[in-house]
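Trainee: what follows is a predicted structure for the sequence shown.
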Amino acid sequence: MSADELVLLTPRLELRLPGAESATRVVRFYRENEAFLAPWSPPWPQGFFGEAYWRTRLKGAREELRAGTALRLFLFPRGEPGGPVLGSVNFTQIFRGPFQAAYLGYSLAERVQGQGMMFEALERSLEHVWKELHLHRVMANHLPTNDRSARLLRRLGFAVEGYARDYLYVAGDWRDHVLNAITNPDPTPPA
């Protein structure tokens, strides 16, 4: 399935990988939410808040999708062509063979927090990675102080599997993380 064909729908959202022409909307999302997302995010690379960076990044995301190494989706309001970016869902470092796993990362606009949109987006995207990508395991890690992510992951069925000290460089220091994972409810052997 090509990036142009991949659209996941929920009652309120459209999850898709937009083309480079959507760089302006992606930049707007990150600029508007920079202060809100900064405490939970690794350092952003040089140029991250510029359109040139995102044109290149969106093209690269399409190449990752074609290669089967990542699935990067942005959340848009359903039924609003040209609507704003509301968030992102990323399945990265997709491993094949006997592991069949990926890492999950996500972000949501501050203005739509607490409305169940990320649950809706993750529930649908997990269904896709189970049924279409045939992954067996998805891992998602969060800062111990990120209660909202902890509750969201528990609600989705993720289990806490451990605690990693100095796991990831976030907000100017090496930070501990809680390690979580979920497995495919209908597992199949690797192809």
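Mentor: All right, it came through fine.
Trainee: tell me the pLDDT of Ser2.
Mentor: Here, the pLDDT recorded for Ser2 equals 69.
Trainee: and for the one 3 residues further on?
Mentor: Reading off the confidence values, Glu5 has pLDDT 83.
Trainee: where does the protein dip in pLDDT?
Mentor: Under the criterion pLDDT under 70, the flagged ranges of the chain are 1-3.
Trainee: for it, which helix is longest?
Mentor: helix 51-67 (DSSP state H).
Trainee: for the chain, which segments count as helices?
Mentor: If you assign secondary structure with DSSP H, the helices in the chain sit at 23-32, 34-37, 51-67, 117-131, 147-156.
Trainee: just send those back as CSV, with distance to Gln93 and mean neighbour count too.
Mentor: Any C-beta I mention is one placed from the backbone N, CA and C, and that applies to glycine too. Below are those laid out as CSV (distance: least, CB to CB, whole Å; neighbours: other CB atoms under 10 Å):
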stretch, distance to Gln93, mean neighbour count
helix 23-32, 21, 17
helix 34-37, 21, 14
helix 51-67, 10, 16
helix 117-131, 13, 18
helix 147-156, 18, 16
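Trainee: between those helices, which gets nearest to Ser88?
Mentor: Closest approach to Ser88 among these is made by helix 23-32 (8.0 Å; CB to CB).
Trainee: tell me what the closest one is packed against?
Mentor: helix 51-67 (3 or more CB pairs under 8 Å, 6 or more residues apart in numbering; DSSP states H and E).
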